[in-house]
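# Kindly return the folded structure for what I paste below:
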Amino acid sequence: VRGGDVYTMDPARPWARGVAISGDRIVAVFKDDAEAAAFTGTRTRVIDLAGRFLLPGFIDGHIHFNSASALINDVNLMTVADDSGLRKEVSRVAAMLAPGEWMTGGLWGAYERWALGAEKADAAKGRRWTPDRKTIDDLTPRHPCLLSSFDGELYLANTAALQAAGLIGRSVDGLDLDASGRPTGIVRPGSPALTALRKAIAPKSH
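Residues are numbered from 1 along each chain as shown. Down below sits the predicted model:
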């Protein structure tokens, strides 16, 4: 393979102009076409890149880049299934955001369910961890949060989010209430409460 820019992934020599392959192994890396000629025989199959770019194949065969970046730059709760993990991750993201920016994402409990396997996870479904807005309210007075469970069956809204959506002091379908009649922050899917929260979310900053 010759006649193009090759990215080798080798820090000592990141760029080349071609490679020689024997069987399933790379046997040489060329700095120019002249070096490639030395490895070319009468039975050699030559692929001319014609100036195109060659690099090793990606290991991940399927990825949604916007979602992948959101796991870094927004709340990633895939490994979280307890209050301490929730606080740790929310603290990380709060430190990156400007005041007033929303925290979204989540997917809490995903790894826990995968580790259990489908049969055990179904049996444990009624005992799943359910967070409360009080767990993160002290960390997020200036950051409205709307976070989801991995299966979209539960959402968590902090006090700032409920205020932004006009849901404090109102009885709205889809809000779980505690024994005192106050919202716990848990919001049910497909409900008027979730619709109001989603309408209140501000666009992400650059």
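# Relative to the whole chain's centre, how far out is the longest strand seen in the chain?
Assignment by DSSP state E gives strand 15-22 as the longest strand of the chain. From the chain centre to the centre of strand 15-22 is a distance of 35 Å (C-alpha atoms, centre = their mean, to the nearest Å).
# and it, what does it pack onto?
Packing partners of strand 15-22 (3 or more C-beta pairs under 8 Å, 6 or more residues apart in numbering; DSSP states H and E): strand 2-7, strand 25-30, helix 33-38. Placement of C-beta: from N, CA and C, glycine included.
# Now tabulate the ones you listed in JSON lines and tack on mean neighbour count.
Shown next, in JSON lines, are the helices and strands packed on strand 15-22 (neighbours: other C-beta atoms under 10 Å):
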{"stretch": "strand 2-7", "mean neighbour count": "17"}
{"stretch": "strand 25-30", "mean neighbour count": "13"}
{"stretch": "helix 33-38", "mean neighbour count": "14"}
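# Lowest average pLDDT across the ones you listed?
With a mean of 86, helix 33-38 has the lowest mean pLDDT of these.
# What lies in contact with it?
2, 3, 17, 18, 20, 28, 30 (C-beta atoms under 8 Å, 6 or more residues apart in numbering).
# Repeat the analysis, applying 7 Å as the threshold.
The contact list for helix 33-38 (C-beta atoms under 7 Å, 6 or more residues apart in numbering) reads 2, 3, 17, 18, 30.
# residues near residue 140, how many?
Residue neighbour count, defined by other C-beta atoms under 10 Å, stands at 21 for residue 140.
# Please name the residues that touch it.
Contacts of residue 140 by C-beta under 7 Å, 6+ apart are 90, 94, 103, 158, 160.
# what's residue 159 sitting at in phi/psi?
Phi and psi for residue 159, reported as degrees, to the nearest 10, are phi -60, psi -40.
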